[in-house]
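Asks: pasting the sequence and the predicted model now:
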Amino acid sequence: MELNDEQAMKVFDWYDEKWNLPPPFSKKRQLTLDTSLSTGDYPLAREIGGDIMEEYFAHFDVDNSNFAFLKYWPISKGFIPNFIRPKSMRVEEKNAEPLTIAMLIESAKAGRWLY
């Protein structure tokens, strides 16, 4: 996929201007279609990921009924190991799946979450 249509550029520019801010005393990170919000070298915190996705769905009028937030930002185990917790409070360890800029663009074009 390339950034050759208007909708793709809108999504790319929206994310780059609003959420791809440079860390203190550093340069802005290069944004590509394969940049992942939830995995990789710079995964975003769950709270920020939630804010981004909430704004994305509203701004681009994308139906979020198929979006599974925990697929991309699973619950972390925290500091207490599972063997100490009661069975009802144990947390299954899951790896986050990548949520990329390309996925945001394709879903915005379709008007619904595709993944």
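Replies: Great, that's in hand. Just so it is clear, the structure is predicted and the values come from calculations on it, not from any experiment.
Asks: which stretches of this protein have low pLDDT?
Replies: Within the chain, the stretches with pLDDT under 70 are 1-3.
Asks: give me the most central residue, it.
Replies: Central residue of the chain (Cα atoms, centre = their mean): Leu37, 4.0 Å from the mean position.
Asks: just checking, that one touches Ala102?
Replies: No - counting by Cβ atoms under 8 Å, Leu37 stays clear of Ala102, with 11.3 Å between them. For glycine as for every other residue, the C-beta is placed from the backbone atoms N, C-alpha and C.
Asks: which residue ranges of the protein form helices?
Replies: 6-18, 46-59, 69-72, 101-110 (DSSP state H).
Asks: let me know which of those helices is tucked in deepest.
Replies: helix 101-110 (a mean of 20; mean count of other Cβ atoms under 10 Å).
Asks: packing partners for it?
Replies: Judged by 3 or more Cβ pairs under 8 Å, 6 or more residues apart in numbering; DSSP states H and E, helix 101-110 is in contact with helix 6-18.
Asks: on that earlier part again, save the helices of the chain as TSV, and put in distance to Ser26 too.
Replies: Listed next are the helices of the chain as TSV, based on distance: least, Cβ to Cβ, whole Å:
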stretch	distance to Ser26
helix 6-18	16
helix 46-59	17
helix 69-72	25
helix 101-110	20
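Asks: which stretch among those helices comes nearest Gly78?
Replies: For the helices of the chain, proximity to Gly78 was assessed by Cβ to Cβ; helix 46-59 is nearest, at 12.4 Å.
Asks: run the chain-centre distance for that closest one.
Replies: Averaging C-alpha positions (Cα atoms, centre = their mean, to the nearest Å) puts helix 46-59 8 Å from its chain's average.
Asks: now do that helix: everything it contacts.
Replies: 11, 14-15, 18-19, 37-38, 44, 62-64, 67, 69, 72-73, 99, 104, 108, 113 (Cβ atoms under 8 Å, 6 or more residues apart in numbering).
Asks: this completes my enquiry, with thanks.
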